[in-house]
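Novice: The following block contains a protein sequence and its predicted model.
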Amino acid sequence: MIHSGLVSITFRKLSPRQVVDLIVQAGLDAIEWGGDVHAPHGDVAKAQEVAQMTADAGLAMPTYGSYYRVGHRADVPFSDVLVSAVTLGTPAIRVWAGKVGSAEADAAYWNAVIADSQRIVDLAATEGIAIAYEFHGNTLTDSAESARRLLEAVDRPTLRSLWQPPKGATVEENRAGIDTIAPWLSHIHAFSWRMEEGQTIRLPLADYTNAWKEYLARIDALGGERYVLLEFVRNDDPAQFLADATTLRGWLSGDG
């Protein structure tokens, strides 16, 4: 079954309370708190505050959106990320698979990311927490094929991957990408955009209804519990988010 939610960094300028209130108003189920603004890495007091706020609102917290770059240990101490995740009570931490695209990374870089991935996955597992890679450009998980290569190389049972449509990918490519990482697929980041002269143009979520309904049906057929988390709404506008949330709820209920 697929549930609905929001990535908090969609509204970096809003307070945690304002974000929670928006999600409740939108009728969504969950939140992924971001580790840069709303639940900063290592800030236990803030993590306690947003965890209580989330629980009081009846929202799930399927993952913690960290900005840990695997293979770059000095940038953000993973110990800070982990203590925040434990305090939040989330079952998973989102991390980034380095800072270099898969085609540009040499063997030494791949090996460094693999080794650090194994380290942090093992550390998180001692707390009952899984690790999930961000599925994103300019990292080693910039395509489904490279993500699968990395997941297989790290070879840990509590390692997962999120999924989102890569920029410029066709519907056919996205279908194949979902199938490629299906054994490791955790949650989904959902948005609606097109590329125009190298620029990302954000659109109402409903503009890609046919594609998204196909992706979500494909993912739902895999079985299990997952969350589709909205992010990057047009103009960072709360009103657009509320409209997109209505669209998403319609898709998940079968009414959209």
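Specialist: Nice, thanks for sending it over.

Novice: ok, then the element right after the least confident helix or strand in the chain by mean pLDDT?
Specialist: In the chain, no helix or strand scores lower on mean pLDDT, DSSP states H and E than strand 193-196, which sits at a mean of 83. Using DSSP states H and E, the helix or strand that follows strand 193-196 in sequence is strand 199-202.

Novice: re the thing from before, what's the least confident helix or strand of the chain packed up against?
Specialist: Contacts defined by 3 or more CB pairs under 8 Å, 6 or more residues apart in numbering; DSSP states H and E place strand 193-196 against strand 199-202. (Each C-beta comes from the backbone N, C-alpha and C, glycine too.)

Novice: Next, the buried residues of the strand it packs on.
Specialist: Neighbour-count burial for strand 199-202 flags R202 (criterion: 16 or more other CB atoms under 10 Å).

Novice: got a list of contacts for it?
Specialist: K167, F191, S192, W193, R194, M195, F232, V233, R234, N235 (CB atoms under 8 Å, 6 or more residues apart in numbering).

Novice: same question, stretch 190-197
Specialist: For stretch 190-197, the external contacting residues (CB under 8 Å, 6+ apart) are 164, 167-168, 200-208, 212, 228-234, 244, 248.

Novice: gap between the two ends of stretch 125-144?
Specialist: One end of stretch 125-144 sits 24 Å from the other (CA to CA, to the nearest Å).

Novice: For it, what is the distance to the chain centroid?
Specialist: Distance of stretch 125-144 from its chain centroid, counting by CA atoms, centre = their mean, to the nearest Å, is 9 Å.

Novice: Of all the residues in it, which ones are buried?
Specialist: Under the neighbour-count rule (16+ other CB under 10 Å), stretch 125-144 has 129-136, 139-144 buried.

Novice: Report the secondary structure state of P166.
Specialist: coil (DSSP: H, G, I helix; E, B strand; the rest coil).

Novice: all numbers from here: first residue = 658
Specialist: I'll keep to 658 as the first residue from here, and by that count the last item is P823.

Novice: Would you verify that L819 is located in a helix?
Specialist: No - counting by three-state DSSP, L819 is not part of a helix but strand.

Novice: Show the model's pLDDT score for it.
Specialist: pLDDT, L819: 98.

Novice: ditto for the one 10 residues further on
Specialist: Reading off the confidence values, E829 has pLDDT 96.

Novice: how near is it to D836?
Specialist: Note on E829: its distance to D836, by CB to CB, to the nearest Å, is 11 Å.

Novice: Please save the CA atoms from the least confident helix or strand of the chain in CSV.
Specialist: This file holds the C-alpha atoms of strand 850-853, laid out as CSV (Å, rounded to 0.1, in the frame of the first residue of the first chain):
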residue,chain,number,x,y,z
TRP,A,850,8.3,19.4,-13.9
ARG,A,851,9.7,19.7,-17.4
MET,A,852,13.0,20.8,-18.8
GLU,A,853,13.1,23.8,-21.0
